[in-house]
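Trainee: I need the structure of the sequence given here:
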Amino acid sequence: MLAYAAQQIARGSGAAGPLQHLGALNVLRSYVAGGLQQRESSRSFSTGNDHRHSSLYITDTDGKVLGHTPLLIGLVNYFERHLPYVGYYAPVGGSANPEKGTHPMDNQLRLIHDAFELKYDLKSMFCVSEDEAVREVAAGKRGDLVDRIYAAFQGYKEMHDMVIVHGTSVGSGRFDAEIASAIAAPAVIACQAKDQSLNDIARKVMMKKVMLDDYKVPILGVCLNKLPVFDSNIMITQLKRKFSEAGIPFLGAFPEDKLLRGVRLDELLPALNAEFMFGSKVQLDQEYSAVYVASQRLEELLELMANDGDTRPLVITSRDRLDIVLGLLASQVSVAGPNVAGILLTQAGFGNGRTYAHSIMSRMFEGLSKYYQGSLLPIMSTDLPLYEAVRRLDRVTGAVLPTSSRKIQHCKNLFDHCIDANQLVAGLEKEEALITSSKRVTPKMFAHSIKTKCLANQQHVVLPEGMEPRVIKAASEVTSRGLAKITLLGDPTAVAAEAKKLGADISECRIIDPKDYAGIDKYVAALLEARKGKNMTEEAARDAVANDVNMFGVMMVHAGDAQGMVSGSIHTTAATIRPAMQVLKTPNLVSSVFFMCLPDKVLVYGDCAVNVNPSSKDLASIAACSADTAAAFGIEPRVAMLSYSTLGSGAGPDVQKVTDAVKLVHESHPDLMVEG
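Mentor: Next up, the predicted model:
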């Protein structure tokens, strides 16, 4: 009956319609001359009408969130070629406002969002800020945090065909695995190879594999970044062998790259609080190869540059050195002059606010732009003193910004050349096929589905054990989330005092003391009617309703004053279900189920607490009822009926009972998958 009640609640709550299939991914299948040559084939990345939108989780062996930009850009670019709606998501972002934040994850979110012109705003691309995530984990609320991440991700995922998920550095590597498991996303292991020995790389990847395996997260492969060029072939050959022995596909390796390592001029602007003044903005998307501090005379600077050959320097000087600016500008106009990347002007003197012929330079650049057909070297300015500007400049490292057109395109090219996308997609297709064929429901999916149904059709639930601390906390959480209306049974003063001790807000809960309830006569009369064939007296009925909280809760459900009752935390199973059996009744066998939330799936265990020795007919009824309950909660019913014998390998009365029960289920429910 408990299973039946749960089934009715689930069916009455409504559910969202099936997701529409938005597109198909054409897989690329061609290798030529040791490199990947990509071309369209007839193969499709699709799961038919029951398409589940896909996701891919990128997790770092060291728990770092930076350093894998080529992989992330390459993945988004690859899937965008074949799917109309590709997204990028970070369960844990940087700051609360990524549009203006300076956290590295803010920069990463802005990069992917702007480079690919993603449809939705930045705040929809992450769940919580890093600071908030750290506080939640430190407070022991990791489970609640994963619940929030799952719910937020599902909303984002439904708007996309494919979502690339960027792992987090918060907590241990196990937290990353826990998130990947919760959102049911297969993982790609990313590992930084720079300054790492072959054994170090292998050890880190194996450790990450163990963590992911513990949470039943499928591993689609491993990808290395910043692999030293000089011995890359040897390392790749040996690592492939090690990973193959461990059952991990090797997807490829990005080499250390000079272009990505280089610092572009526009990367200096935020680092030095500088602004662009004059010249060609196009040249800001260029790297410089050296830094010259111009404190000497102009002719000495030009001589130094001439001796350095092909060097393309950034020249730093103070604002009062107009001779340096004009001299370098003139030398650039000449085809024989040195190749200067740009000029950075710093504070002159003690920062007295003088503009040092700013208007003159402005008129000169305006005049040159009218008649000079070439690009003019960019001039930038900062209020920092020269020494401080040089000191900060020394700490600036190469990055890929939304304006880094050359670097972004280079990342795409590197991915196409270095990563075996065919192998990655084949693994992803395999996982999609397994998920689709099994219709696997993870615990987070299960809980989220129930919460969604509750929010869509809020019901009134009575909790008879109103003084139990766990019940009070649950009531507080349920009402705060808007999942249900709650009535607690107990002395209102005592329940409120207990809630205050627990720090639980039950202001939205109704509290009823059955002993003092004004409408108790209605329940007494209803109980007498339900038990009229059992010689129950009015005095006994009043005593049962007033002093048995489970009976009072059942009478609320019977009268329509509540849609459901949850009890049993401090009462026995018999004490919990006996009032329901006496009043609500059912023409069928009374049974129960347990929802067993395993790490990667949810199973339904039929009747582990009610019927001691069921007959074959009873077992058949229990199997059918359990299957209906599973289906009502979104779990595809496939029934295994158990005895001590496996598929008839043994014999005996108990084995025969199960065999007969299987036959009865086949006869009464021919479409139900059942074996035993």
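Trainee: just checking, Phe276 touches Leu377?
Mentor: No. Applying Cβ atoms under 8 Å as the test, Phe276 and Leu377 come out as separate, 11.8 Å apart. Any C-beta I mention is one placed from the backbone N, CA and C, and that applies to glycine too.
Trainee: so where is this structure shaky, pLDDT-wise?
Mentor: 1-53, 309, 335, 349-360, 368-375, 433-440, 587, 646-648 (pLDDT under 70).
Trainee: Any idea which residue is closest to the centre of it?
Mentor: Pro91 (4.3 Å; Cα atoms, centre = their mean).
Trainee: Contacts only, for that one.
Mentor: 126-128, 149, 153, 165-168, 179 (Cβ atoms under 8 Å, 6 or more residues apart in numbering).
Trainee: Return the subset of the residues you listed lying in helices.
Mentor: Per DSSP state H, helices hold the following members of those: 149, 153, 179.
Trainee: my guess is the last one contacts Arg148, does it?
Mentor: Looking back up the chat, that one is Ile179. No. Using Cβ under 8 Å, Ile179 is not in contact with Arg148; the gap is 10.8 Å.
Trainee: Tell me which of those two has more neighbours.
Mentor: Per other Cβ atoms under 10 Å, whichever of Ile179 and Arg148 has more neighbours is Ile179, with 28 against 17.
Trainee: For the nearest residue to the more buried one once chain neighbours are set aside, give me phi and psi.
Mentor: Sequence neighbours aside, Pro91 is the residue nearest to Ile179 in space, at 5.2 Å (criterion: Cβ to Cβ, 6 or more residues apart in numbering). Here is the backbone geometry of Pro91 (degrees, to the nearest 10): phi -50, psi -40.
Trainee: Scan this structure for its longest strand.
Mentor: strand 219-227 (DSSP state E).
Trainee: Tell me which residues are up against it.
Mentor: With Cβ under 8 Å, 6+ apart, strand 219-227 has contacts from 56, 67-68, 70-71, 186-194, 201, 205, 209, 212-213, 235-236, 239, 243, 248-257, 419-420, 423-424, 427-428, 431.
Trainee: again with stretch 534-543
Mentor: Residues contacting stretch 534-543 (Cβ under 8 Å, 6+ apart): 520, 524, 527-528, 531.
Trainee: Pull out the buried residues from it.
Mentor: 536, 541-542 (16 or more other Cβ atoms under 10 Å).
Trainee: First residue to last residue on that stretch, what's the distance there?
Mentor: End-to-end distance for stretch 534-543: 16 Å, by Cα to Cα, to the nearest Å.
Trainee: Please narrow the contacts of strand 219-227 to those residing in strands.
Mentor: 56, 187-192, 250-255.
Trainee: what residue of this protein is the furthest out?
Mentor: For the chain, the C-alpha farthest from the mean C-alpha position belongs to Asn535; by Cα atoms, centre = their mean, that distance is 59.7 Å.
Trainee: higher neighbour count, Phe276 and Leu377?
Mentor: Using other Cβ under 10 Å, the more surrounded residue of Phe276 and Leu377 is Leu377, with 22 against 16.
Trainee: Need the CA coordinates for stretch 180-194. CSV is fine.
Mentor: This file holds the C-alpha atoms of stretch 180-194, laid out as CSV (Å, rounded to 0.1, in the frame of the first residue of the first chain):
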residue,chain,number,x,y,z
ALA,A,180,30.6,14.1,-12.6
SER,A,181,28.7,11.1,-11.2
ALA,A,182,25.8,13.2,-10.1
ILE,A,183,25.3,14.8,-13.5
ALA,A,184,25.9,11.4,-15.2
ALA,A,185,28.7,12.9,-17.4
PRO,A,186,31.6,10.7,-18.8
ALA,A,187,35.0,12.2,-18.1
VAL,A,188,38.1,13.1,-19.9
ILE,A,189,41.2,13.2,-17.7
ALA,A,190,43.4,16.2,-18.4
CYS,A,191,47.0,16.2,-17.2
GLN,A,192,49.8,18.9,-17.4
ALA,A,193,52.9,17.2,-18.7
LYS,A,194,55.3,20.2,-18.3
